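Peer 1: What would the 3D arrangement of this be:
(chains A and B)
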Number of protein chains: 2
Amino acid sequence: MTLIVALDPGPGVEGSRAYEWARRICTEVKPYAAGFKIGLPALLKIGVERLKEVTSSCHAELMIADLKLADIGYIMSLVADELLNMGFNAVIAHAFTGYKDALENLSATLRGRGKLITVAAMSHKGSEEIMDKVVEDLLDVSIRAGAWGVVMPATRPKLIGFGKKRGLTILSPGIGVQGAKPGTALCSGADYEIVGRSITGSPNPGEAARKIVEAQREAMAECRA
Amino acid sequence: MTLIVALDPGPGVEGSRAYEWARRICTEVKPYAAGFKIGLPALLKIGVERLKEVTSSCHAELMIADLKLADIGYIMSLVADELLNMGFNAVIAHAFTGYKDALENLSATLRGRGKLITVAAMSHKGSEEIMDKVVEDLLDVSIRAGAWGVVMPATRPKLIGFGKKRGLTILSPGIGVQGAKPGTALCSGADYEIVGRSITGSPNPGEAARKIVEAQREAMAECRA
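Peer 2: Model prediction:
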């Protein structure tokens, strides 16, 4: 499976509704998803204790905590311990904070307990201002930290090739609302496409996910032909 | 006042103890602190609802949410809304993710409601690998986003001058356990020093804070003489 669903409750989903929202989408979408990516909006709206119930009921192969950690190693390690206890088995952290006293500590904390995924480029325009210019440095740090995977945007597929060459698993956001079509990143060498609002904003998230997987397959059949 | 206390519960402070821990430190330290900086370790250990009680009982001039946001603008804005609702009046975000579709959105969300503080350099060794090399770019992004303040490390005081020249309020971590002495950053032009473990790890946090403020004053008297 090549779809990861980003569970980010938007402005319309508040308080106790966010919990029901996440549980419902999870159940409907699960047959089509390799995993789920859960970030700060869900954490803050659902709360720590109830989010544990969400991760335990979703329980897909990849349960990714996407807090985009970017702190000193001591803090990232404290946080990773909590995230593993909450039922996550993968943690996203930025590569730009570097290896020494940063990703080196997080990597040690995750060893044997969860996957480290780094961010080396992002889907939005602002990524071009600084991050894209140092993308090779960000990949170097990721490799040095023993990252399993790396986030590279579907919106700028050329970058995906850089990550793929380094032997990293590629996870690509930017599909749907952010502009790229399903299959764009897969055709450029990504392993997973991360889709949020096109699925979670649909009145029928399961059906929306099924259609995206179908569109991915069609795009792959075409680009590999 | 020039002291900001970082409330990060360490490995020994778990579950319901984290809430009592934060409340107690807050009360004892408040007479000496301009504000508090609260990050992911406290959020995950204390939980969202009970953390609101901590922010409302601490209620210092600066209540800083230090999640080191580093995401696309859409996500950072969702998160900032929640943080303001939780009683914070300042939010720390990385400058690394850029202005366009990133800090521009966060800045708009915070306008008139809370202060934007960016990170332009960090206290750990790994900051030298990538961040320090692009520190002027990070300051450019911060200025463009209308940041009120910027985080620059006490451990590398030369960098503080760069931020000060740009007219930003400087908040400096790295005092104490991380190596720099109280007053080091203030003497280099910082407005606040952020201290965590030297205070929160003390059996008498109030007394530890009082001594740090005293050491700051002595250092300032000396360096300004």
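Peer 1: ok, A:L159 - contacts?
Peer 2: By C-beta atoms under 8 Å, 6 or more residues apart in numbering or on different chains, the contact list for A:L159 reads A:120-121, A:132, A:135, A:152-153. For the C-beta atoms, the positions are set from N, CA and C on the backbone; glycine is no exception.
Peer 1: For it, what is the enclosing helix or strand?
Peer 2: Using DSSP states H and E, A:L159 maps to helix A:158-165.
Peer 1: report the longest strand in chain A, please.
Peer 2: Criterion DSSP state E: the longest strand present in chain A is strand A:62-69.
Peer 1: got the residue ranges for the strands in chain A?
Peer 2: For chain A, the strands defined by DSSP E occupy A:3-7, A:35-39, A:62-69, A:90-94, A:115-119, A:149-151, A:169-172, A:192-195.
Peer 1: Show residues contacting the shortest one.
Peer 2: It stands for strand A:149-151. Applying C-beta under 8 Å, 6+ apart, the external contacts of strand A:149-151 come out as A:90, A:92, A:95, A:115-122, A:139, A:142, A:163, A:168-173, A:191, A:194.
Peer 1: The first one now?
Peer 2: When contacts are defined by C-beta under 8 Å, 6+ apart, strand A:3-7 is touched by residues A:22, A:25-26, A:29, A:32-39, A:42, A:54, A:62, A:64, A:66, A:171, A:173, A:192-196, A:199-200, A:209, A:212-213, A:216.
Peer 1: out of those residues, who's near chain B?
Peer 2: Restricting those to those touching chain B (C-beta under 8 Å from any C-beta of the partner chain) yields A:G39.
Peer 1: before we move on, back to that, can you say which of the contacts of strand A:149-151 are buried?
Peer 2: A:90, A:92, A:95, A:115-122, A:139, A:142, A:163, A:168, A:170-173, A:191, A:194 (16 or more other C-beta atoms under 10 Å in any protein chain shown).
Peer 1: For the nearest residue to A:V150 once chain neighbours are set aside, give me its contacts.
Peer 2: Closest residue to A:V150 apart from its sequence neighbours, by C-beta to C-beta, 6 or more residues apart in numbering or on different chains: A:L168 at 4.4 Å. A:L168 makes contact with A:139, A:142-143, A:147-150, according to C-beta under 8 Å, 6+ apart.
Peer 1: ok, A:R111 to chain B distance?
Peer 2: Remark: distance between A:R111 and chain B (C-beta to the nearest C-beta, to the nearest Å) = 17 Å.
Peer 1: Same question for A:L44.
Peer 2: A:L44 is 4 Å from chain B, by C-beta to the nearest C-beta.
Peer 1: what does A:V5 give?
Peer 2: To chain B, A:V5 is 15 Å away according to C-beta to the nearest C-beta.
Peer 1: Also A:L139?
Peer 2: Using C-beta to the nearest C-beta, one gets 11 Å for the distance from A:L139 to chain B.
Peer 1: next one: A:E129
Peer 2: Using C-beta to the nearest C-beta, one gets 4 Å for the distance from A:E129 to chain B.
Peer 1: Spatially, what comes nearest to that residue if we skip its sequence neighbours?
Peer 2: Leaving aside its sequence neighbours, A:E129 sits nearest to B:G98 (C-beta to C-beta, 6+ apart; 3.7 Å).
Peer 1: residues near that neighbour, how many?
Peer 2: Using other C-beta atoms under 10 Å in any protein chain shown, B:G98 has 27 other residues around it.
Peer 1: buried set for the lowest-mean-pLDDT helix or strand in chain A?
Peer 2: Of all helical and strand segments in chain A, the minimum by mean pLDDT, DSSP states H and E falls on helix A:158-165, at a mean of 89. Neighbour-count burial for helix A:158-165 flags A:159-160, A:162-164 (criterion: 16+ other C-beta under 10 Å).
Peer 1: Could you export the contacts of A:L159 as JSON lines, including pLDDT and distance to B:T2?
Peer 2: Formatted as JSON lines, the contacts of A:L159 follow (pLDDT from 0 to 100; distance: C-beta to C-beta, whole Å):
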{"residue": "A:A120", "pLDDT": "95", "distance to B:T2": "38"}
{"residue": "A:A121", "pLDDT": "94", "distance to B:T2": "38"}
{"residue": "A:D132", "pLDDT": "94", "distance to B:T2": "38"}
{"residue": "A:V135", "pLDDT": "94", "distance to B:T2": "39"}
{"residue": "A:M152", "pLDDT": "95", "distance to B:T2": "42"}
{"residue": "A:P153", "pLDDT": "93", "distance to B:T2": "41"}
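Peer 1: Let me know the closest of those to A:T184.
Peer 2: Closest approach to A:T184 among these (C-beta to C-beta): A:P153, at 10.0 Å.
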